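In: Got a sequence here, can you model it:
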Amino acid sequence: MYFAQLIIFRKPEDTFFYMLQDIAFVPIQVLIVSLIVERILNEREKAALLKKMNMLIGTFYSEVGSDLIKHCSRFSPDLSELARHLLVTGHWTDRDFEKARALAASTNPHLDSTRDDLTKVREFLESKRGFLLSLLANPNLLEHDAFTDLLWAVFHLLEELTSRTTLTDLPRADFEHLSVDMKRAFLLLLTEWLSYMKHLKKDYPYLFSLAVRMNPMDIHASAVIKD
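Out: This next block holds a predicted model:
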């Protein structure tokens, strides 16, 4: 193209001037293209990683999370008001999910560790110890700080319960300590569950449909589709 320009216009000084200009701009072009390509690749990698993490989160709630929410709920005298705001439906928008998540994060439910049988919670979590450890060892979850905090809270509750030889004849202060540990895990379970439900509604509506019917905060939850 430069040779054709020389032949046609016969202005070598202009041709060489613009040639040097183009060469001088090459590093800037490379930088711009590299930044754009790198950003696109990073976004794709982030999306793929998020998909993998949500698969793990879904497995966690199927194996542990949903049942643990039900276990913890039995230690509260009344969660009906909170549950009313967490009855997810197919009509929920992103704003509805964010409002419910903010409510779950800011609420202060009363959980009393003396109200029900802590041994059942310990036995349930003990049966899931291997699964919880496998999740903690998964490097993908290191990118998800909120879910990692949830896993640590659940695992800490497990350690607290299994570190005691008995769970029926403890000092009042110790029961209060266990109540705090349980409430911490319970609230994190709810907030991350709402985030997971939001993801299902957007990307996997068929899984979302079942998850809505099996809502752990709904005492009438059933997989059976009713008229």
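In: Tell me, how many residues neighbour the residue nearest to residue 225 when sequence neighbours are not counted?
Out: Spatially, and ignoring its direct neighbours in sequence, residue 225 is nearest to residue 213 (7.1 Å; C-beta to C-beta, 6 or more residues apart in numbering). Placement of C-beta: from N, CA and C, glycine included. Close neighbours of residue 213, defined as other C-beta atoms under 10 Å, add up to 14.
In: And the one 10 residues further on, by the same measure?
Out: Burial of residue 223 is recorded as 7 neighbouring residues (other C-beta under 10 Å).
In: Could you list every helix and strand in contact with the strand or helix carrying residue 177?
Out: Assigned by DSSP states H and E, residue 177 belongs to helix 172-203. Judged by 3 or more C-beta pairs under 8 Å, 6 or more residues apart in numbering; DSSP states H and E, the packing partners of helix 172-203 are helix 12-60, helix 66-73, helix 94-106, helix 145-162, helix 205-213.
In: Any chance you could give me the shortest one in CSV, C-alpha atoms only?
Out: As requested, C-alpha coordinates have been extracted for helix 66-73 and formatted as CSV (Å, rounded to 0.1, in the frame of the first residue of the first chain):
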residue,chain,number,x,y,z
SER,A,66,-32.0,-26.2,53.4
ASP,A,67,-32.2,-28.9,56.1
LEU,A,68,-30.1,-26.8,58.4
ILE,A,69,-32.4,-23.8,58.0
LYS,A,70,-35.3,-26.1,59.1
HIS,A,71,-33.3,-27.4,62.1
CYS,A,72,-32.4,-23.8,63.2
SER,A,73,-36.0,-22.6,62.7
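In: so it versus helix 145-162, what angle?
Out: Between helix 66-73 and helix 145-162, the angle comes out at 60 degrees (axes from the mean of the first three to the mean of the last three C-alpha atoms, to 10 degrees).
In: Please identify the buried residues of helix 66-73?
Out: Neighbour-count burial for helix 66-73, counted by 16 or more other C-beta atoms under 10 Å, picks out 66, 68, 69, 71, 72, 73.
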